[in-house]
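Participant: Structure, please.
(2 chains)
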Amino acid sequence: MPYMIGEVFSTGLMILTTIVLLAATVRLLVHANKSMTAVYFAFTMVSILLSEFYWLAYDILRGDVRMPFAANEFAEAAFFLLLASSLRTVFRERFPVFDRAILLTALYAVGNIVLWILWNGDWIEALLTGPAYLYFLVMAMFALRQSEAIRRSGQIVLGCAAFASLALMYLAHFIPSVSAAMDLVNYILLFGVLGAMVLGFVRALRTGRESRVLLALAYCAVVWAQNSLYMSTGWWYAAMEMLYAMTMPAMFFAVRREVIA
Amino acid sequence: MIYAENILLCIAVPLLLSLLFVRGGAMRFITAFLGGMIACLLSAYISGYLYLVTGLTRQDVSIFLSPVVEESLKFIPPVFILLVFSPNDRDLMLMAVGIGVGFATFENICYLLTEGASSLLFVLIRGLAVGVMHIVSMATLSIALSIARRLHALTLPGILGALSLSVVFHGLYNLLVSAPGVTSYIGYLLPLVSAGFLYIPCRLLRLGTAEPPQS
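Facilitator: Next up, the predicted model:
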């Protein structure tokens, strides 16, 4: 299958990116004198690296069969928890559990987790990865609001895009006759929002905005890319994974700015 | 069919008696070794149960689920002792490796009794690949926990991160050796090569020394 080659290539790219970022983070750790943000980020890179090696081996050996619950689910759960923890080391303010945006983010996360179960019926995977994923999503939204990285109108647009994407996926699942069209619209939405996020990050980096803003933008881009990855298949998956690999350096630059600051 | 419980008893009794005559690191190592053998037996029970309830093939259970079950069971004793007794890095490594060796030894004995030991190649693969893999996965866990503690990251995400390293390493090994050909050779070499790589951070971070943890 040709798209398998694309997946192997994108996973290889992800491995290369992660190795480079891991080396850079270890170097940063030496200079940063035990910065917790950098420590959690380094652990995250190791988790991603092993998970990607697992995916690469799986793609080569059994790429034509969907992966059941496997060892790399642990790495994914650890990835979400470690990233959320690294954000928490910077955003130490009191966590507003009943904030409307936080509750909507949690609802969006639950909607996604239900979708995973609908797609593959794997309850164990959802139970293991789901809570960690929800925590990371909620922390990313918390960081976005605390840092005021984007204006309120921007937050509303982002929320609408997220729920629209979720609705499209549900429609595609329950009405097979329109699934191809829904998928296409969803891919345009996912890629469009991710592109806007990356541009926003680059602009914030160039204009010298504070490290909290960069962290919030970079981590939100990673959340979006990760979500988009879950919603993609075939060539779209390979293309999204390449974009996902590009959001990783953004995270590193944000962490470095925070640690050096 | 083999009677794994009987084999465990046969090996465990002399080891238990030896505890009367040894002290210090040797006693801790033997205790961890026994713990590793018990973890192996328990994980065989759980994997067998998962084979019955999940509907996966026996091979799929051993590739995808066994690493999770086995590493989780091996992970509980070191983390419990780390959180309750705060041992130094050397004792943590001693115990983790002891559990890994006990696990690998018991698993190898059961496999050899089932499959026979007439093929030298098979025996060497069991010893140098599977046996070393259990030690490497536990040493990885121990190093990750020691680093997390030194960097004040011994939190739930830090501990889960450490567990994920050993689980994915084990899962990767099982996946690679599941198919014949080049990937299986890579899989067989993976534990030995990783053991070499692990030796470097062990020396650099002086995890083998008895210095107390920094707090």
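Participant: From the contact counts, what lies against the helix or strand that contains A:Val202?
Facilitator: Counting by DSSP states H and E, the element that carries A:Val202 is helix A:179-206. For helix A:179-206, the helices and strands in contact under the criterion 3 or more Cβ pairs under 8 Å, 6 or more residues apart in numbering or on different chains; DSSP states H and E are helix A:152-174, helix A:211-230, helix A:234-260. Any C-beta I mention is one placed from the backbone N, CA and C, and that applies to glycine too.
Participant: Can you give me the neighbour number for the closest residue to A:Met231 other than its chain neighbours?
Facilitator: In space, and not counting its chain neighbours, A:Met231 is closest to A:Met169: 5.9 Å by Cβ to Cβ, 6 or more residues apart in numbering or on different chains. Using other Cβ atoms under 10 Å in any protein chain shown, A:Met169 is surrounded by 21 other residues.
Participant: Next, the contact list for A:Met169, please.
Facilitator: A:Met169 is in contact with A:Leu115, A:Met182, A:Asn186, A:Met231, counting by Cβ atoms under 8 Å, 6 or more residues apart in numbering or on different chains.
Participant: what helix or strand is residue 139 on?
Facilitator: You didn't say which chain, so I picked chain A. Element membership for A:Met139 (DSSP H and E) is helix A:123-147.
Participant: hmm, I had chain B in mind actually
Facilitator: Taking DSSP H and E as the criterion, the element that holds B:Ala139 is helix B:132-150.
Participant: ok, now B:Leu154?
Facilitator: Applying DSSP H and E, one finds B:Leu154 in no helix or strand.
Participant: What is the burial count for the nearest residue to it once chain neighbours are set aside?
Facilitator: If you skip the residues right next to it in sequence, B:Leu154 has B:Ala148 as its closest partner in space, 4.9 Å away by Cβ to Cβ, 6+ apart. Residues near B:Ala148, counting by other Cβ under 10 Å, number 21.
Participant: Next, format the helices and strands packed on helix A:179-206 as a markdown table and append mean pLDDT.
Facilitator: Compiled in a markdown table, these are given as follows (pLDDT from 0 to 100):
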| stretch | mean pLDDT |
| --- | --- |
| helix A:152-174 | 93 |
| helix A:211-230 | 92 |
| helix A:234-260 | 88 |
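Participant: ok, and which of the ones you listed has the densest surroundings?
Facilitator: Per residue and on average, the most neighbours among the helices and strands packed on helix A:179-206 fall to helix A:211-230, with a mean of 23 (mean count of other Cβ atoms under 10 Å in any protein chain shown).
Participant: pLDDT wise, what is B:Ser18 at?
Facilitator: Listed pLDDT for B:Ser18 reads 94.
Participant: let me redo that: A:Phe80
Facilitator: The predicted local confidence for A:Phe80 comes out at a pLDDT of 91.
Participant: Which residues belonging to whichever helix in chain B runs longest are considered buried?
Facilitator: In terms of residue count, the longest helix belonging to chain B (DSSP state H) is helix B:24-54. Neighbour-count burial for helix B:24-54, counted by 16 or more other Cβ atoms under 10 Å in any protein chain shown, picks out B:28-41, B:43-44, B:46-47, B:50-51.
Participant: pLDDT on it, on average?
Facilitator: The average pLDDT within helix B:24-54 is 93.
Participant: cool, and stretch A:133-150?
Facilitator: Summarised as a single mean, pLDDT over stretch A:133-150 is 92.
Participant: contacting residues around it?
Facilitator: Residues outside stretch A:133-150 that contact it (Cβ under 8 Å, 6+ apart): A:77, A:80-81, A:83-84, A:87-88, A:90-91, A:93, A:95-96, A:99, A:101-102, A:105-106, A:108-110, A:112-113, A:155, A:158, A:200, A:204, A:209-210, A:212-213, A:215-217, A:219-220, A:223.
Participant: For chain A, what is the nearest residue in chain B?
Facilitator: Distance from chain A to each residue of chain B (Cβ to the nearest Cβ) is smallest for B:Gly171, at 2.5 Å.
Participant: Run through the residues that contact that residue.
Facilitator: B:Gly171 makes contacts with A:Tyr54, A:Ala70, A:Ala71, A:Asn72, B:Ile63, B:Phe64, B:Pro67, B:Val68, as judged by Cβ under 8 Å, 6+ apart.
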